[in-house]
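Engineer: have a look at this fold, sequence not included:
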């Protein structure tokens with residue numbers, strides 16, 4: 001099958017090409033680092049999505065028509081059918097799935113024009129109101145935590161933003177862990193949020209509020225979350241060894257994707273504890289930066305902070321909290337650091353306490369809206 005790279009990230013161009021790819025009438029889409037794509041892919045491929053991710057290591061994920069459609073149908077089965085607003089880049093899986101769900105439901109998606117701002121989001125959302133047979137058509141959207149936080153901040157001063165947020169039957173939030181304080185703010189404001197877990201390799205979110213979607217299975221193997229189901233990617237383009245290492249095949253033929261995330265299942269609810277490989281060795285002790293970050297984000301003024309590891313002359317490696325000045329300076333910097341250190345010490349032990357708090361004007365982010373952890377880490381390391 002022919003693979004046709006989509007140059008740029010105009011969602012309308014992607015939507016046009018995606019329609020043909022899903023229906024089998026057009027070539028597969030190549031999204032991302034288009035120079036790395038060959039001309040041909042396997043039959044049934046709809047999208048090859050290449051991204052460097054937050055680690056800086058490129059990967060080209062092969063997504064079939066069947067996997068993308070299975071994901072869209074499972075989402076509708078869980079939260080209902082309706083109209084979707086695209087507020088994320090369509091060249092990333094969460095944004096792509098907004099388009100897939102729209103096509104599967106045979107509805108045109110609403111698409112935000114230009115940069116993401118609360119005002120643009122509200123204007124687009126409030127224009128989506130429609131009805132069928134006298135009943136209002138439910139609306140949905142997908143966001144990352146940073147977008148939701150920005151919208152909640154704006155909603156305090158702009159009633160139209162609050163009305164827009166409340167207009168959605170469900171807002172899916174994923175891409176990274178949603179800080180509990182942000183979830184609580186959303187719930188207090190009457191905003192219906194569902195936390196999602198997944199990746200490009202699982203065609204986007206496949207676990208909603210800890211519960212897998214229809215057809216999705218979870219298991220924990222040696223502390224790692226593994227996923228099975230019709231939503232799995234075919235593998236990595238041109239990387240057979242990497243595919244075999246990440247997509248395991250059981251004796252019964254079932255495929256399992258190794259997420260690389262630490263987690264556990266409690267009464268059927270998935271609890272993700274962070275990346276297995278996002279660990280530093282400080283003073284000879286392994287420290288999970290994800291666990292430190294989760295605790296740090298409970299401190300007032302640090303809800304969106306990022307924790308990275310940097311070289312340290314005394315301990316070998318140390319963790320550093322990076323936060324924006326606009327958020328952190330609502331309280332004393334030294335007080336915030338001390339509260340963060342004490343909270344981490346109480347839950348994880350003294351060895352895990354962050355060494356520093358670094359304030360920046362703005363956190364580096366990927367086009368998907370996630371923190372660009374590698375860029376942040378390099379910038380902090382350069383300060384030493």
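Structural biologist: Right, received. Where do you want to start? Note that the structure is a prediction, hence the values are computed from the model and not measured.
Engineer: what does the top strand by length along the chain rub up against?
Structural biologist: If you go by DSSP state E, the chain has its longest strand at strand 255-266. With contact meaning Cβ atoms under 8 Å, 6 or more residues apart in numbering, strand 255-266 is reached by 199, 201-202, 218-221, 223-228, 232-233, 245-250, 270-277, 288, 290. All C-beta atoms are positioned from the backbone trio N, CA, C, and that covers glycine.
Engineer: list only buried entries from the residues you listed.
Structural biologist: Neighbour counting with 16 or more other Cβ atoms under 10 Å marks 199, 201-202, 218, 225-228, 232-233, 246-247, 270, 272-276, 288, 290 as buried within the contacts of strand 255-266.
Engineer: and these, which of them are in helices?
Structural biologist: Residues of these located in helices (DSSP state H): 246, 290.
Engineer: report pLDDT for residue 320.
Structural biologist: Residue 320 carries a pLDDT value of 95.
Engineer: and it, that's in a strand?
Structural biologist: Yes - under DSSP: H, G, I helix; E, B strand; the rest coil, residue 320 sits within a strand.
Engineer: check contacts around it.
Structural biologist: 307, 308, 309, 310, 354, 355, 356, 357, 358, 380.
Engineer: secondary structure element for the second one?
Structural biologist: Take DSSP states H and E as the rule and residue 308 turns out to sit in strand 306-312.
Engineer: mean confidence for that strand?
Structural biologist: Here the average pLDDT along strand 306-312 is 90.
Engineer: go through that strand and flag the buried ones.
Structural biologist: Of the residues in strand 306-312, 306, 307, 308, 309, 310, 312 count as buried by neighbour count, 16+ other Cβ under 10 Å.
Engineer: surely the last one is in contact with residue 355?
Structural biologist: Same thing as residue 312. Yes - when contacts are counted by Cβ atoms under 8 Å, residue 312 is listed as touching residue 355 (6.7 Å).
Engineer: what ranges does the stretch 151-300 of the chain have for its strands?
Structural biologist: Here the stretch 151-300 of the chain has its strands, by DSSP state E, counting those that start in this stretch, at 170-173, 193-199, 204-208, 211-212, 217-221, 224-228, 235-236, 247-249, 255-266, 269-275, 279-282, 285-288.
Engineer: of all the ones you listed, which lies closest to residue 187?
Structural biologist: strand 193-199 (7.2 Å; Cβ to Cβ).
Engineer: contacts for that closest one, please.
Structural biologist: Looking at what lies outside strand 193-199 - Cβ under 8 Å, 6+ apart - the contacts are 79, 93, 142, 148, 170-174, 178, 183, 186-187, 204-210, 227, 231, 259, 270, 272.
Engineer: try stretch 282-292
Structural biologist: By Cβ under 8 Å, 6+ apart, stretch 282-292 touches 177, 262, 273-275, 278-281, 307-309, 312, 315-319, 344, 347-348, 351-352, 354.
Engineer: list buried residues within those.
Structural biologist: In those, the ones that pass as buried (16+ other Cβ under 10 Å) are 177, 262, 273-275, 278-280, 307-309, 312, 315, 317-319, 344, 348, 352, 354.
Engineer: now do residue 86 against residue 133, distance only.
Structural biologist: Using Cβ to Cβ, to the nearest Å, one obtains 26 Å as the distance from residue 86 to residue 133.
Engineer: of those two, which one has the most company?
Structural biologist: residue 86 (24 against 5; other Cβ atoms under 10 Å).
Engineer: OK, contacts around the more buried one?
Structural biologist: 11, 95, 98, 99, 109, 110, 111, 112, 141.
Engineer: the stretch 101-250 of the chain: helices as residue ranges?
Structural biologist: 118-126, 145-155, 159-167, 180-188, 240-246 (DSSP state H, counting those that start in this stretch).
Engineer: and residue 50, which of those is closest to it?
Structural biologist: helix 240-246 (13.1 Å).
Engineer: quick check: buried residues in the closest one?
Structural biologist: Those would be 243, 246, for helix 240-246 by 16+ other Cβ under 10 Å.
Engineer: check which helices and strands that helix is in contact with.
Structural biologist: strand 235-236, strand 255-266 (3 or more Cβ pairs under 8 Å, 6 or more residues apart in numbering; DSSP states H and E).
Engineer: ok, back up a step: nearest to residue 75, out of the contacts of residue 86: which one, please.
Structural biologist: For these, the nearest to residue 75 is residue 98 (10.0 Å; Cβ to Cβ).
Engineer: what's the helix or strand for that closest one?
Structural biologist: Using DSSP H and E, residue 98 sits within helix 93-104.
Engineer: give me the beta-bridge partners of the closest residue in space to residue 205 that isn't next to it in sequence?
Structural biologist: Excluding its sequence neighbours, the residue lying closest to residue 205 (Cβ to Cβ, 6 or more residues apart in numbering) is residue 196, at 3.1 Å. In this entry, residue 196 is beta-bridged to residue 208, by DSSP bridges.
Engineer: roughly how far does residue 196 sit from residue 279?
Structural biologist: 25 Å.
Engineer: looking at it, residue 355 is touching residue 313, isn't it?
Structural biologist: No - between residue 355 and residue 313 there is no contact under Cβ under 8 Å: 11.1 Å.
Engineer: higher neighbour count, the two?
Structural biologist: Set residue 355 next to residue 313 and count neighbours by other Cβ under 10 Å: residue 355 wins out with 16 against 7.
Engineer: ok, and the closest non-adjacent residue to the more buried one?
Structural biologist: residue 318 (4.0 Å).
Engineer: residues touching the one you found, list them.
Structural biologist: Taking Cβ under 8 Å, 6+ apart, one finds 280, 282, 309, 310, 312, 354, 355, 356 in contact with residue 318.
Engineer: swap in residue 202?
Structural biologist: 71, 216, 227, 229, 231, 232, 233, 257.
Engineer: for those residues, which one is nearest residue 28?
Structural biologist: Distances from residue 28 to the contacts of residue 202, taken by Cβ to Cβ, are shortest for residue 233, at 12.8 Å.
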